[in-house]
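Student: Sequence first, then the predicted structure, then my questions.
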Amino acid sequence: MTPRLLWFTPEHYHQLLSNALEHAPDEACGVLIGVTSHTGIVNVEQLIMLDNIASDRRVNFRLDDEQLARVVGGIASSDREIVGFFHSHPNGDVIPSESDVALASYPDVPQIIVGLRHSPPSVAAWRIAYGAVSRIDITVGDVAPSQAPQGLSDFQKALILVSAALALLLVITSALALLPPAPEIPR
Ligand SMILES: [Zn+2]
């Protein structure tokens, strides 16, 4: 299922921000473990920090392949998966850099970027697929979101039906009002 909404508990969201702040002025990086529902809601259950092995860590990040392989091995027998890669921009915002776009190699896994330029820091999730970048919504809360944002809720569907019925009623009443008066019936 294509990820459409990333759900963090406040605890995990806070952990993401504090990891990024701790590693500044270097870029922090790691993976998110969790599950994706059939409606595309990504439940982030765990953050795993990984070493940034880039030579220019202040402006770049590179994951360590061995560490990543250990993470993948650790969840292989579970129904959990890597649901995101994250890294920080210690002096930047949440927009993927040119190298983020060029080097993104898992098109189906959201890329989460923590921007530390402003206070409070900001976070955004992106789908980066073969050079095309699109944003994925993030929600933070203790309770699971019931619906990914693109879909209509049952309430919204009911509202549309009621509006349509009212509109039809209005058309019928107007049409009736426009009818000429009935001719007198001769006695
Ligand atoms: Zn970046």
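Tutor: Looks like it arrived, so ask away. Residues are numbered from 1 along each chain as shown.

Student: can you tell me the helix or strand for Ala167?
Tutor: Ala167 is located in helix 154-178, with elements delineated by DSSP states H and E.

Student: Can you get me the centre-to-centre distance for that helix and its chain?
Tutor: 35 Å (Cα atoms, centre = their mean, to the nearest Å).

Student: ok and the residue in the chain nearest the ion?
Tutor: Closest residue of the chain to the ion, Cβ to the ion: Asp100 (4.0 Å). Where C-beta positions appear, they are placed from N, C-alpha and C, glycine not excepted.

Student: list the buried ones in whichever strand or helix holds that residue?
Tutor: Using DSSP H and E, Asp100 maps to helix 98-103. Residues 100-101 are the ones in helix 98-103 that count as buried (16 or more other Cβ atoms under 10 Å).

Student: And stretch 57-76, by the same measure?
Tutor: So for stretch 57-76, counting by 16+ other Cβ under 10 Å, buried means 57, 60-63, 67-68, 71, 75.

Student: so how far is the first residue of that stretch from its last?
Tutor: 30 Å (Cα to Cα, to the nearest Å).

Student: and if you look at stretch 74-85?
Tutor: Start-to-end, stretch 74-85 (Cα to Cα) is 16 Å.

Student: ok, and for it, which residues are buried?
Tutor: Per 16+ other Cβ under 10 Å, stretch 74-85 contains these buried residues: 75, 82-85.

Student: I'd assumed Ala124 was in contact with the residue of the chain closest to the ion.
Tutor: No - using Cβ atoms under 8 Å, Asp100 makes no contact with Ala124, being 11.5 Å away.

Student: Give the bridge partners for Gly115, please.
Tutor: His89, Ser122 (DSSP bridges).

Student: just checking, what packs against the least confident helix or strand in the chain by mean pLDDT?
Tutor: One helix or strand of the chain scores below all others by mean pLDDT, DSSP states H and E: helix 154-178, with a mean of 81. Based on contacts counted as 3 or more Cβ pairs under 8 Å, 6 or more residues apart in numbering; DSSP states H and E, there is no element that helix 154-178 packs against.

Student: and His87, backbone torsions?
Tutor: phi -150, psi 170 (degrees, to the nearest 10).

Student: Return the distance of it relative to Asp65.
Tutor: 16 Å (Cβ to Cβ, to the nearest Å).

Student: Repeat that for His89.
Tutor: His89 is 23 Å from Asp65, by Cβ to Cβ.

Student: can you check Leu47 too?
Tutor: 19 Å.

Student: And Arg57, by the same measure?
Tutor: From Arg57 to Asp65 the distance is 17 Å (Cβ to Cβ).

Student: Then Gly74?
Tutor: Relative to Asp65, and taking Cβ to Cβ, Gly74 is found at 15 Å.

Student: What residues does this structure have near the ion?
Tutor: Selection of the chain residues close to the ion by Cβ under 5 Å from the ion yields 97, 100.

Student: what about the helices in the chain?
Tutor: 10-23, 65-75, 98-103, 154-178 (DSSP state H).

Student: Many thanks, we can stop here.
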